[in-house]
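Engineer: Here's a sequence, model it:
(chains A, B and C)
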Amino acid sequence: MTDVVDLAQKLLGKKIVRIIDGKYIICRIVETEAYKAPEDKACHAYNNKKTEKTKFFWQIGGNLYVYSIYGNNMCMNITASDADKPEAVLIRAVEPIRGIEIIKKLRKFENKKETPGNLKTLTDGPGKTGASLDIDKSFNGVDLTNSDKIFLVDDEEYKFEVGVSKRINIDYAEEWKDKLWRFYVLNNVFVSKAPKK
DNA sequence: GTAAAGATCCACT
DNA sequence: GTGGATCTTTACT
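Structural biologist: Predicted coordinates:
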């Protein structure tokens, strides 16, 4: 049994492998946030609020919870812990390793200005991560340990330092917004920017 | 059925 | 740094 906050740290540096029509996209997780219901007000499942959308929190660890926010943005979470504990880790940003041309198509980058510096904007946010891996609501409930479309791979050789901060854009969560439950790879350009306040 | 808000992104100043 | 776009989900009148 793993606490969701520990899990958020452990997921950093791991690689996500996504297979689309036999082609591989590989990304490294560089930024995560922990959400821990029922007591965490920032969590969609706060106070055990169970709806059509949030019911996927109630899974054993290692499955996906996908939700849309502000319309088109798909965000990907990995559940933690047991089926009776609605806890999950939000993947906030990834670093593309393989399949970058595929990602550019998925992100509709083909018609945009291409500069050496803007590659980082491919995947430096939660909605962008979802788009880059072609995630949609059909991935809700997918078991990452037993899927031929998406799974995780350890990378023992990748060395990095872990940064910690408050979570982002959850100002409504009162005392919970100050929890240091956001983790990221220090000095990695694909990490989204720090919070405003 | 209708309204209001949201774990965001993008363009623009 | 600021504001609009945009649409799903949820909670009401």
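Engineer: Look up which residues are beta-bridged to the residue nearest the centre of chain A.
Structural biologist: Residue closest to the average C-alpha location in chain A (C-alpha atoms, centre = their mean): residue A:91, at 1.1 Å. Residue A:91 has these beta-bridge partners by DSSP bridges: residue A:32.
Engineer: From DNA strand B, how far off is it?
Structural biologist: Residue A:91 sits at a distance of 8 Å from DNA strand B (criterion: C-beta to the nearest atom of the strand, to the nearest Å). (C-beta placed from N, C-alpha, C; glycine too.)
Engineer: mind listing what that residue touches?
Structural biologist: A:11, A:16, A:29, A:31, A:32, A:75, A:76, A:77, A:78, A:126, A:129 (C-beta atoms under 8 Å, 6 or more residues apart in numbering).
Engineer: Same question for residue A:161.
Structural biologist: So, once contact is read as C-beta under 8 Å, 6+ apart, residue A:161 ends up touching A:185, A:186, A:187.
Engineer: Next: residue A:177.
Structural biologist: A:42, A:166, A:167, A:170, A:171.
Engineer: Assign it to helix, strand or coil.
Structural biologist: Assigned by DSSP: H, G, I helix; E, B strand; the rest coil, the conformation of residue A:177 is helix.
Engineer: What does the pLDDT read for it?
Structural biologist: With respect to pLDDT, residue A:177 scores 93.
Engineer: what's the answer for the one 5 residues further on, then?
Structural biologist: At residue A:182, the predicted lDDT confidence score is 96.
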